[in-house]
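*Asks:* Would you be able to build a 3D model of this:
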Amino acid sequence: MPDPSPLPLHAQLPPQAKAILGGSSAPPHDYGPAPASQTVPPHDPAAYDQSIDLRGEVCPYILMKTLLAFDGMDGGQVLRVLVNYLPALRGVPAGLTAYGHAVLLVIPLEGGQDEWQIYARRAARQVGPVRQGG
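*Replies:* All right, here's what the predicted structure looks like:
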């Protein structure tokens, strides 16, 4: 079982994903540490309330279907999203945080070839995309 330690998202990505991000293990944008209200404790990959399998889907549909799944969930519940589309490892977490949800963990699917799990906690109340700056 993978170590669920709270590493930054970019540090948890497989080498193939890092190649898409320009071969760097650094995040594409560094906004500094998250505010205390947005810090996420370590997450147990076995703990989730709902799971959706979006393998075979591509962006933007993966993000759209993930947000629709959150519509049927209560605030604080955890959703596991299964994907095999490499750009989703960057786009889905960015989109979810833009809507105020917390990305808990992004890890490879055990035994899966180029398949990953994204764990996210639904916000207490979903808002539109949060824009940085003015």
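*Asks:* Count the residues that sit near residue 80.
*Replies:* 21 (other CB atoms under 10 Å). Glycine gets a C-beta too; all of them are placed from N, C-alpha and C.
*Asks:* could you say which helix or strand contains it?
*Replies:* Per DSSP states H and E: residue 80 is located in strand 78-83.
*Asks:* Does anything pack onto that strand? Which helices or strands?
*Replies:* Using 3 or more CB pairs under 8 Å, 6 or more residues apart in numbering; DSSP states H and E as the contact criterion, the elements in contact with strand 78-83 are strand 50-53, helix 61-71, helix 88-98, strand 116-121.
*Asks:* Let me see the mean pLDDT of the last one.
*Replies:* Per-residue confidence for strand 116-121 averages out to 94 on the pLDDT scale.
*Asks:* Out of the helices and strands packed on strand 78-83, the one nearest residue 107 is which?
*Replies:* Within the helices and strands packed on strand 78-83, the stretch nearest residue 107 is strand 116-121; the backing value is 5.5 Å (CB to CB).
*Asks:* neighbouring strands for that closest one, and are they parallel or not?
*Replies:* Using DSSP bridges, the strands paired with strand 116-121 are strand 78-83 (antiparallel), strand 102-108 (antiparallel).
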